[in-house]
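Participant: Provided below are the primary sequence and the corresponding predicted coordinates.
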Amino acid sequence: MDKKYWVPALEKADGVLHLLSAEPYKHRLIDLSNQLGIHKSSMYSLLHTMEALNWIDRNANDTYAIGSATGRWGDSYAQGHDIIASFHREASMTRDRLQETIQLAKLEGNEVLYLAKEEAPTMVRLASGPGMKFPAHVTALGKVLLSFVEDTELDELYPTEQLMSLTEYSLKTKADLVKQLRIIREVGIAFDKQEVIVGFSCVSAPILSRSGEAIAAVSCSMPQYIWEQKKDVAKVEISQLAGRLSQL
């Protein structure tokens, strides 16, 4: 690995975490300093910072173990690692009931990254697929995930009032987006009504972590000519699918 931009402090912190995960509450500051070859004053600053961030925990005997933050990292990693396999298992049943395409995506900045897809057994195929990105504000997936973003972060994601449009139905301004996000927060689902592709509409619901954060979202897309016929049952099915995936 190229160490041109290496951060030594992070390498030292990594060494502390490895040692404490193997031997919790067995080492004091001086023990860690000796075993890892880090000067005592530097180790004090490192441990103080890591403890403040909840990376490590110190007990009454001044010995250390890994902290609560690392547990949250583990939960997040496990959930993200397993979610695609869980999606295919659960979404295939939703696809079969609806006979429409089901997709999984996550938010990356002001775009959605498509992670997985259960294709409907029809002749019509969606342009989106795993690995592709679309502007978040034009997709149901993106809008339902943006509804969990704080206002200050939203301002950073959309610094200008004008939004890029993909079709005549796409949201045109940031004010329109903010207004729609308020509604999405209340109802818990989002829609794309021909905003990405004319002739297709979509409904989406968020997948939540144990702490209530939106880690991804699922959606059902279908041709516009059957949208009115299926939209109500699709809302129920997608909400239930997101709920099942949130509990895994």
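Facilitator: Looks like it came in fine. Residues are numbered from 1 along each chain as shown.
Participant: Give me the neighbour count for Val187.
Facilitator: Per other CB atoms under 10 Å, the neighbour tally for Val187 reads 13. In this view, the C-beta of every residue, glycine as well, is placed from N, C-alpha and C.
Participant: the bottom helix or strand of the protein by mean pLDDT?
Facilitator: Least confident helix or strand, the chain: helix 68-98 with a mean of 78, by mean pLDDT, DSSP states H and E.
Participant: Now the residue nearest the centre of the chain: phi and psi?
Facilitator: Compute the mean C-alpha point of the chain, and by CA atoms, centre = their mean the closest residue is Ile215, 2.9 Å away. For Ile215, the backbone dihedrals (degrees, to the nearest 10) come out as phi -100, psi -20.
Participant: what's the answer for the one 3 residues further on, then?
Facilitator: For Val218, the backbone dihedrals (degrees, to the nearest 10) come out as phi -120, psi 150.
Participant: now it, which residues is it bridged with?
Facilitator: Leu104, Ala205 (DSSP bridges).
Participant: which residues sit in contact with it?
Facilitator: The contact partners of Val218, by CB atoms under 8 Å, 6 or more residues apart in numbering, come to 87, 91, 102-104, 141, 204-205, 207, 238, 241-242, 245.
Participant: Wait, the residue nearest to the centre of the chain touches Ile83, no?
Facilitator: Yes. Using CB atoms under 8 Å, Ile215 is in contact with Ile83, at 7.3 Å.
Participant: list the residues that contact both of these two?
Facilitator: Contacts common to Ile215 and Ile83, judged by CB under 8 Å, 6+ apart, are Ile207.
Participant: ok, the residue lying closest to Phe87 once chain neighbours are set aside - contacts?
Facilitator: Among residues not flanking Phe87 along the chain, Leu104 sits closest, at 4.6 Å (CB to CB, 6 or more residues apart in numbering). By CB under 8 Å, 6+ apart, Leu104 lies in contact with Ile83, Ile84, Phe87, Ala91, Tyr114, Leu115, Ala116, Lys117, Ala216, Ala217, Val218.
Participant: Break the chain into its domains for me.
Facilitator: 8-66, 75-246 (automatic domain parsing).
Participant: Single out the most deeply packed of the ones you listed.
Facilitator: domain 75-246 (a mean of 18; mean count of other CB atoms under 10 Å).
Participant: Which residue ranges of this protein form helices?
Facilitator: Assigned by DSSP state H, the chain shows helices spanning 8-22, 29-36, 40-52, 68-98, 140-146, 151-157, 174-187, 224-246.
Participant: what about these, which gets the closest to Pro130?
Facilitator: helix 68-98 (8.7 Å; CB to CB).
Participant: wait, Leu36 sits on Gly15?
Facilitator: Yes. In this structure, Leu36 is within contact of Gly15 by CB under 8 Å, at 4.9 Å.
Participant: still on that earlier bit, and the pLDDT for the residue nearest to the centre of the chain?
Facilitator: With respect to pLDDT, Ile215 scores 93.
Participant: how much space between the residue nearest to it when sequence neighbours are not counted and Ala216?
Facilitator: Nearest residue to Ile215 in three dimensions, chain neighbours excluded: Ser209, at 5.1 Å (CB to CB, 6+ apart). Using CB to CB, to the nearest Å, we find Ser209 at a distance of 10 Å from Ala216.
Participant: same deal with Tyr169?
Facilitator: From Tyr169 to Ala216 the distance is 25 Å (CB to CB).
Participant: Arg244: what's it in contact with?
Facilitator: Glu90.
Participant: swap in Ser219?
Facilitator: Ser219 makes contact with Ile102, Gln103, Ala105, Thr139, Ala140, Leu141, Asp192, Cys202, Val203, Ser204, Ala205, Ile238 under the criterion CB under 8 Å, 6+ apart.
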